[in-house]
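Trainee: The amino acid sequence is not available; the structure is as follows:
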């Protein structure tokens, strides 16, 4: 409801002069315009701490458990009927709570298996046909496959390539092991994504690739996943939202073809992989690999004598995916958005990935509905986002971000992502640095689910390193990617547990969660508490709680690392100067924030000043974007956080600089130095743009 507060105008006994009447009309008009566009805060927004307490106290582990049970009754792979039914469940939940809802459908290219087979023919003349599946789900669970793998077959010797890194292939070459023409068998937990493993094997001439995940607890699990490369989102609409009737590239387009591997691949269970690898002869296992293998049965790398007979047939087809939203419209700044997002689709039942996060999102919606009934309305609009087709390459969120890029660029305050809310013990979180302090403030209010009663998450975090625990968002593995790396929206990503053994397998079920992951659902309660409180602060604080001094500190750390890595011929002085400029702007913004908080309710125009400061705080992250994007990967616009082309790069920041450093073997020394210096200058200009945006100055 709009609030008006007009200063009383003195009554005149006699008819006022034309000048006085004119001034009176102007005063009333200005105050009315001011009140309409910058209304004063009502009592409810001043009682944020009370609503925060109610939000925390209304948590329910039993309710979250019920949500998760309902979400995981059936597998719900994106683009299938069960996935559509899951979307209806989420939509109906939001609607039943009285929340305004909407959906966004996209037509995108997805990939499904038709049939596959694998048999091993051993040196002693025996053979074994492998069962490709966990035997769970009575046929509901999709067969193990790699989405976007081409159809194909191979009858060739098996060779073990460890993690499939370049250093692994160099070790094999030094031992005289030839990979070309063989079926490469690789383990997936060496830091490379499965797509990068397949790409490297293809580059070294392998005929096909088998990828397994090590594990003694769940040896029969097959880790499904996608192997599309070169970016995220729908491959037929790179850079724009794929919608029915909109532009779509053809499958034979050269840009599309570059996204797909040329050789077939599929996941293996640890049980099947161990059986194959234990039968290999040839060169002995390199010393560097022996200490990390979980199987003592593997002693040689091949090739052969075991021959693998592998066939995979799949199909790529257009499918409709659906993002579901609940919107809580802001009272005073309805055109500013705080977004909470989690994907809904799963390879199988998805109890951990992603529906532990989905259940937490549904519970946040329930608790927000309680606050609304108590009279709370956020200052800014809150949007709860349930994404589709994340497992195929963050497709649902990416298509939506691309379609809403302009509005997100000017109106999104922050994006808060939770994918796998609970994998095990221990909170892990990543953020763009201006959100560090807010994250630390919030975890001071939430009980640690794995500690004695009364202990907060922050207390354990502080003992283990404090702010240094916070990761950065250069990874390409969840729905924060389009927000940070394409749209420049400040973001947080968080989850409980570093890893879990049933990842992307048919064993990722409600029963696994109740027995191993979070039997009492207390970690779910903790994640939903942090997630919901973060959104409340970002939506309700009069001044957006960003601290760019943390960002400047992080940039300085990166500068110091580079100074130890780069050739002394490359000058870091411009980078150092730009970071100092940004740090100065950050300190000025903090001082301005403090002054404005003291002036609230005292200065009639303070809301206009706060609005202007908030606009600058929101815009600053966009300064780190570059219109040309990263070299050869123009979709990735962020010059501070983003993936490197070299999957084995030691740098997880300044991706353009990291790429130019990795190209050292492909160009002359002079060209290499020039390329690095150019990328440094691009980062310098980005930091200067961000500093200028934070100050609100024109250059």
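Mentor: Cool, the structure landed. These numbers come from a predicted model, not from an experiment.
Trainee: For residue 110, name its beta-bridge partners.
Mentor: Beta bridges link residue 110 to residue 317 when assigned by DSSP bridges.
Trainee: which intervals of the stretch 51-200 of the chain have sub-threshold pLDDT?
Mentor: 138 (pLDDT under 70).
Trainee: if we go to 80?
Mentor: Using pLDDT under 80 as the threshold, the predicted model of the stretch 51-200 of the chain has low-confidence ranges 136-138, 190-191.
Trainee: Ok, the stretch 501-650 of the chain next?
Mentor: Per-residue confidence of the stretch 501-650 of the chain (counting by pLDDT under 80) places the weak regions at 601-604, 647-648.
Trainee: domain assignment for the protein?
Mentor: Residue ranges of the domains in the chain are recorded as 49-72+329-540, 110-316, 548-695, according to the TED database.
Trainee: Among the ones you listed, which comes closest to residue 100?
Mentor: domain 49-72+329-540 (6.9 Å; Cβ to Cβ). Where C-beta positions appear, they are placed from N, C-alpha and C, glycine not excepted.
Trainee: Next, the distance between the ends of that closest one.
Mentor: Across its full length, domain 49-72+329-540 reaches 10 Å end to end, with Cα to Cα, to the nearest Å as the criterion.
Trainee: Work out the gap between that domain and the centre of the chain.
Mentor: Per Cα atoms, centre = their mean, to the nearest Å, the displacement of domain 49-72+329-540 from the mean C-alpha position of its chain is 11 Å.
Trainee: ditto for stretch 120-133
Mentor: 40 Å.
Trainee: Throw the domains of the chain into JSON lines and include mean neighbour count and distance to residue 84, thanks.
Mentor: JSON lines is the format used below for those (neighbours: other Cβ atoms under 10 Å; distance: least, Cβ to Cβ, whole Å):
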{"stretch": "domain 49-72+329-540", "mean neighbour count": "22", "distance to residue 84": "9"}
{"stretch": "domain 110-316", "mean neighbour count": "19", "distance to residue 84": "13"}
{"stretch": "domain 548-695", "mean neighbour count": "18", "distance to residue 84": "28"}
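Trainee: closest to residue 104 out of the ones you listed?
Mentor: With respect to residue 104, and counting by Cβ to Cβ, the nearest of the domains of the chain is domain 49-72+329-540 at 5.6 Å.
Trainee: As JSON lines, the domains of the chain with distance to residue 79 would be great.
Mentor: Written out in JSON lines, the entries for the domains of the chain read as follows (distance: least, Cβ to Cβ, whole Å):
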{"stretch": "domain 49-72+329-540", "distance to residue 79": "7"}
{"stretch": "domain 110-316", "distance to residue 79": "5"}
{"stretch": "domain 548-695", "distance to residue 79": "23"}
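Trainee: Looking at those domains, which is nearest to residue 86?
Mentor: domain 49-72+329-540 (5.8 Å).
Trainee: picking that back up, between the domains of the chain, which gets nearest to residue 92?
Mentor: Taking Cβ to Cβ as the measure, the domains of the chain were each checked against residue 92, and domain 49-72+329-540 came out nearest at 10.7 Å.
Trainee: Settle this for me: residue 520 is touching residue 61, isn't it.
Mentor: Yes - in terms of Cβ atoms under 8 Å, residue 520 counts as a neighbour of residue 61; the distance is 6.1 Å.
Trainee: How about the contacts made by residue 503?
Mentor: With contacts taken as Cβ atoms under 8 Å, 6 or more residues apart in numbering, residue 503 has the following neighbours: 213, 221, 223, 352, 353.
Trainee: out of these, who's nearest residue 277?
Mentor: residue 213 (13.6 Å).
Trainee: between the domains of the chain, which gets nearest to residue 93?
Mentor: Checking the domains of the chain against residue 93 by Cβ to Cβ gives domain 49-72+329-540 as the closest, at 5.4 Å.
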